[in-house]
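Colleague: Test case, fold it:
(chains A and B)
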Amino acid sequence: MRRINYVGWKVVNQERIVLAIAIALFVAAAVGLPGFLTAGNLVAIVRSISVLGILALGMAVVIIGRGIDLSMVAIMAMSVAWYLQLLGGGVADPWALLAVLAAVIGIGLINGFLVAYADVPAIFVTLASGSFVFGFVRSQVISQDAVPVPHGHWVEALGRMRYASIPVEVFVFAALAFAAFLFLRFTRWGRYVYFAGDNPVAARNIGIPVRPMLVLRYVISALVSFIAGLLTAASLLSINTRVVNSTLLYDIVLVTVIGGIGLSGGKGSVRNVLIGAALIGILLNAMTIIDISLLYQNLIKSTILLAAIIFDGILNPRDEQTAQQGDI
Amino acid sequence: MPLLKSMVSAAALAAALLTAAPVLAQDPGPGAYAAALTGKRVLLVPLAMGFDLAQGWAAILQREVTAFGGTFETRDPNWSTEAGAQALTEAIASDPHPDVLVVMSPDLNSFAKILKKAQDAGIYVLLIDNPANFPADAYIGSDWNRLGQLEAEAVIKGCGDASSKKIGLVQGDQVNATSLYQYEGIMKVLAEHPDFTVVAKPDSNWDATIARNVTTTMLQQNPDICGIIDFWDGDATGTSAAIRDAGLADKVFLVTTGGGEKTADCATLEDGTYGAVVMTDLARESGDMVAMIKYLLQSGQPAGTASPYIYTLLKATTKADLAPDTCWDLKALQAAAGN
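Modeller: This next block holds a predicted model:
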C-alpha cells in the first residue's frame, strides 16, 4: 500500500504540477476575464514573456550543467547600451557590432574560466562579473541610463518586423527554444551537459571534457543575453540600463526553476522552461487585466516560487551525492 | 567774513565729500556674501545621476556654486535607497561636513531620520523634486498634486467630448510620493468630470518593459481608450511602444511628465509620440535651489528653522505650444558647464 502511494507521488512531479496550475489559470482566465481569450491577447502574452523566456533558455543550459549565471541581465543591458552608444558616436556598424560581440564572448569566457579552472563558485563569479560589467560600462562608456536606438538603424527595423501580426521576438524565442532543444537532446555536447550537471566528477572520470564545456555554457548564456538585449532595444527603441536594478534576474531564475529544472543540476529540458514561461505569462497577464497592483503581483509571484521550491524539496529529496557536493 | 566762513565750510564740505566718497562706494554686500559663501560645500544626492533632470541640476548648481567660491559635489546612488542613505550618512559624518545637502528622496519616509541628523549637525537640507515626510529647510520642485491635475486636464482636452472618455493610467509605484500625489491630483480633476472613467491603472515600477506589457494588455482589454497618462517619461517610451504596436498612435492621446529635456520631451512631442508633457522648468527650479542655498548660508538661522515649499511653475505643453526654447538641451548645458 505504501509502495503504491509512493509511486503515485512520483507521477506528480513539479513540472506536471506547474503545467496543471498554468492550464487551470488559463481556463479560469478564459472563462472569467472578458477579452482574455482573443488572438491579440494570446499574442501579447507570448510576446510579454519572449525576452524573459529567451534569457531563461540561456539560464537553463547553465543550471542543467549545475551552474548559475547572475550576470545575464547586466550583460544584456550593458552590451546593447554600449553598442548603441558606439553607433551614436559614429562608429561604423560592423565594427561596433564586432567589438561588442567580442566583449560579450570575453565576459562569458571569463565567467566560465573562473568557474571551471579557478574553482570559484558560479554564484560569486557571476554576481561579481555582473556588477563589474554594469559598473564599468555605466561609469566609463555611457553618460545616461537610457541609450536611444539611432534613427533608421536595423535594430529599429527589427522592432517593427511582424509576421502575421506577431512580433519578431516571438519567432526568435521559438527558434532559440528549438535550437536549445536540439542541442540538449541530440548533440553529444548537449547530452554531456546533463552528465556534467548530474555528477561532474564521474563525468570527468569517463573522459568528458567537463571544464571546456562549462566555459562554453557561460559563453552561450552571455550571447543569449545579448540577443535578448537587442530585442528589448528593438521594441522600446532604447535600452534602459536601470533594468539591471529590477527584479528581472529573479524572474529569469523563477521561470527556469518553476518549470522543474532543479538547481542541483542534471535535470530538466527546454520543455520545463516553456511551461515556466507559460505560467508566468498567463499569471502576469491575468493579474494586469484584473488590475492587481505591482506590490501584490510580486507577492503572488514570489509565493508561487516558494511553493515550487518547497514542492521540489519534498518530491526530489537531496540524495547523498547532492548532500556532499551541494547545490549550484 | 560770512563769505570766508561759507567758503571754509564749502571747502570742508567738499573735503568731507571727497573723503566720504570711497565710504559711500563701499557696498557691504560683496564682503558679507563672500564671508558667508566662500568655501562652503554643497552636496547633491539625487536618486541617480543617470537621468536628464539630475544632470541638468548638477550642471547648473556646479556653475553657480563654483562662481560664489564654494565646492560642489554629487553622489550617485544609482536608484538604490540603501546607497543613497549610505552616501548621506557618510557625508554627515565627514569632517568638515557639507554645509548644504540637496537631496532627492526615493520615497516618503526612508531618509527622514538621516536628514534630521544632518540638520542636528547644522547642515541645511533642501529636498528637491520628490517630497518626503520631513521638515526640510525648503522643498523645491513640483507640486505633484497640481501636476496630476494638469495631466488630467490635458488628457480630457486631448480626448475631447466626442471620444469614448475612457482613460488609462500607467502609475509608477505605490511608495514614491510623486506617484501617489500625481494620482491624487488626477483623481481630483476626474471627480469633476464624472463622464470620464479610468478603465485601468497598472504600475510600471518605472520600467519601460513593464510599461509596454501592461499597456498592451490595457489596450487589448479596452481598444477604445482615448487617452493614457503615464507617470514618467522615463518609462513612457514603453507605453508609447505598446500604443504604436497596437496601431493606435492616432487614436490614443498619451500624456506624461518629464524634465523638459530636448530629446526626451520636445522631440517626442514633435513627432507625435506624446500628446502633452507636463514639464519642469529646469532653469527656474535650479535657480530656486541656488537662491535658497545663498539665502540659507547668509541667514545665520539654525538648520530646520522653517520649511517652505518653493513650487516650480508647471505647464502642460503640447505640440502647438512648442517653441525653440521650450526644452533645454542636456548636451549644450553640460558643454557650457565644462563637464
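Colleague: what does chain A put close to chain B?
Modeller: Chain A comes close to chain B at residues A:34-35, A:38, A:40-41, A:44, A:47-48, A:51, A:138, A:143-146, A:148, A:159, A:167, A:232, A:235-238, A:240-243, A:245-246, A:284-285, A:288-289, A:291, A:293-295, as judged by CB under 8 Å from any CB of the partner chain. For every residue, glycine as well, the C-beta is placed using N, CA and C.
Colleague: Of these, select the buried ones using a PyMOL command.
Modeller: Buried residues within the residues of chain A next to chain B, by 16 or more other CB atoms under 10 Å in any protein chain shown, are selected in PyMOL with:
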select buried, chain A and resi 40+41+44+47+48+51+138+144+145+146+148+159+167+232+235+236+237+238+240+241+242+243+245+246+284+285+288+289+291+294
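Colleague: Give me the neighbour count for A:A102.
Modeller: Close neighbours of A:A102, defined as other CB atoms under 10 Å in any protein chain shown, add up to 10.
Colleague: Just the element for it, please.
Modeller: helix A:93-116 (DSSP states H and E).
Colleague: which strands and helices sit next to that helix?
Modeller: With contacts defined as 3 or more CB pairs under 8 Å, 6 or more residues apart in numbering or on different chains; DSSP states H and E, the packing partners of helix A:93-116 are helix A:72-88, helix A:122-136, helix A:210-236.
Colleague: Just send these back as JSON lines, with distance to B:D27 and mean pLDDT too.
Modeller: As requested, those are arranged in JSON lines below (distance: least, CB to CB, whole Å; pLDDT from 0 to 100):
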{"stretch": "helix A:72-88", "distance to B:D27": "49", "mean pLDDT": "95"}
{"stretch": "helix A:122-136", "distance to B:D27": "50", "mean pLDDT": "95"}
{"stretch": "helix A:210-236", "distance to B:D27": "56", "mean pLDDT": "95"}
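Colleague: and the ones you listed, which is most packed in?
Modeller: For the helices and strands packed on helix A:93-116, the largest average neighbour count (mean count of other CB atoms under 10 Å in any protein chain shown) is found in helix A:72-88, namely a mean of 26.
Colleague: Up against chain A, what does chain B have?
Modeller: Counting by CB under 8 Å from any CB, the residues of chain B that sit close to chain A are B:48, B:50-52, B:55, B:78-80, B:173-174, B:200-203, B:205-210, B:212-214, B:216-218, B:220-221, B:234, B:237-238, B:241, B:245, B:263.
Colleague: Of those residues, which belong to strands?
Modeller: Under the assignment DSSP state E, the residues of chain B next to chain A contribute B:A200 to strands.
Colleague: Nearest spatial neighbour of the residue in the stretch 101-250 of chain A that chain B sits nearest to, chain-adjacent residues omitted?
Modeller: Scanning the stretch 101-250 of chain A for the residue nearest chain B gives A:D145, at 3.7 Å (criterion: CB to the nearest CB). Spatial nearest neighbour of A:D145, excluding adjacent residues (CB to CB, 6 or more residues apart in numbering or on different chains): B:G50 at 3.7 Å.
Colleague: Now do the helices in the stretch 51-200 of chain B.
Modeller: Along the stretch 51-200 of chain B, counting by DSSP state H, counting those that start in this stretch, helices occupy B:52-67, B:81-93, B:112-120, B:144-159, B:177-192.
Colleague: Give me the contact list for the last one.
Modeller: Translated: helix B:177-192. Helix B:177-192 is contacted from outside by B:105, B:107-108, B:129-132, B:142, B:144-153, B:156, B:169, B:171-174, B:196, B:198, B:201, B:203, B:229, B:231-232, B:257, using CB atoms under 8 Å, 6 or more residues apart in numbering or on different chains.
Colleague: Over to the first one?
Modeller: By CB under 8 Å, 6+ apart, the surrounding residues in contact with helix B:52-67 are A:143-144, B:40, B:42, B:44, B:46-49, B:71-72, B:74, B:102, B:104, B:128-129, B:258-259, B:261, B:264, B:280, B:282-283, B:285-287, B:289-290, B:293, B:328, B:330, B:333-334, B:336-337, B:339.
Colleague: and A:D69, what does it touch?
Modeller: With CB under 8 Å, 6+ apart, A:D69 has these contacts: A:G58, A:M59, A:V62, A:N111, A:A122, A:T126, A:Y218, A:S221, A:A222.
Colleague: quick one on the thing from earlier: quick check: the residue of the stretch 101-250 of chain A closest to chain B touching A:N240?
Modeller: Yes - if you go by CB atoms under 8 Å, A:D145 and A:N240 touch, sitting 5.6 Å apart.
Colleague: Of the contacts of helix B:177-192, select the buried ones using a PyMOL command.
Modeller: The following PyMOL line selects those of those that are buried, judged by 16+ other CB under 10 Å:
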select buried, chain B and resi 105+107+108+129+130+131+132+142+144+145+146+147+148+149+150+151+152+153+156+169+171+172+173+196+198+201+203+229+231+232+257
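Colleague: Just the pLDDT for the spatially closest residue to B:A246 that is not a sequence neighbour.
Modeller: Closest residue in space to B:A246, ignoring its immediate chain neighbours: B:L219 at 4.6 Å, by CB to CB, 6+ apart. B:L219 carries a pLDDT value of 93.
Colleague: Can you report how many residues neighbour B:L219?
Modeller: Count around B:L219 with other CB under 10 Å applied: 25.
Colleague: Verify the stated contact: it with B:G247.
Modeller: No - assessed by CB under 8 Å, B:L219 is found out of contact with B:G247, at 9.6 Å.
Colleague: and the residue nearest to the spatial centre of chain A, what does it touch?
Modeller: Nearest to the mean C-alpha position of chain A, counting by CA atoms, centre = their mean, stands A:A56 at 1.7 Å. Contact analysis of A:A56 by CB under 8 Å, 6+ apart lists A:I252, A:V255, A:T256, A:V273, A:G276, A:A277.
Colleague: TSV for those residues, including pLDDT, neighbour count and secondary structure?
Modeller: TSV is the format used below for those (pLDDT from 0 to 100; neighbours: other CB atoms under 10 Å in any protein chain shown; DSSP: H, G, I helix; E, B strand; the rest coil):
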residue	pLDDT	neighbour count	secondary structure
A:I252	92	28	helix
A:V255	90	29	helix
A:T256	90	28	helix
A:V273	94	31	helix
A:G276	92	31	helix
A:A277	94	28	helix
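Colleague: the bottom helix or strand of the chain by mean pLDDT?
Modeller: No chain was given, so I picked chain A. For chain A, using mean pLDDT, DSSP states H and E, the weakest element among its helices and strands is helix A:2-11, scoring a mean of 52.
Colleague: Next, work out how far apart B:D195 and B:I228 are.
Modeller: Distance, B:D195 to B:I228, using CB to CB, to the nearest Å: 18 Å.
Colleague: quick one, which of the two is more surrounded?
Modeller: Taking neighbours as other CB under 10 Å, B:D195 and B:I228 compare with B:I228 leading, 30 against 8.
Colleague: Spell out the secondary structure type for the more buried one.
Modeller: Per DSSP: H, G, I helix; E, B strand; the rest coil, the local secondary structure of B:I228 is strand.
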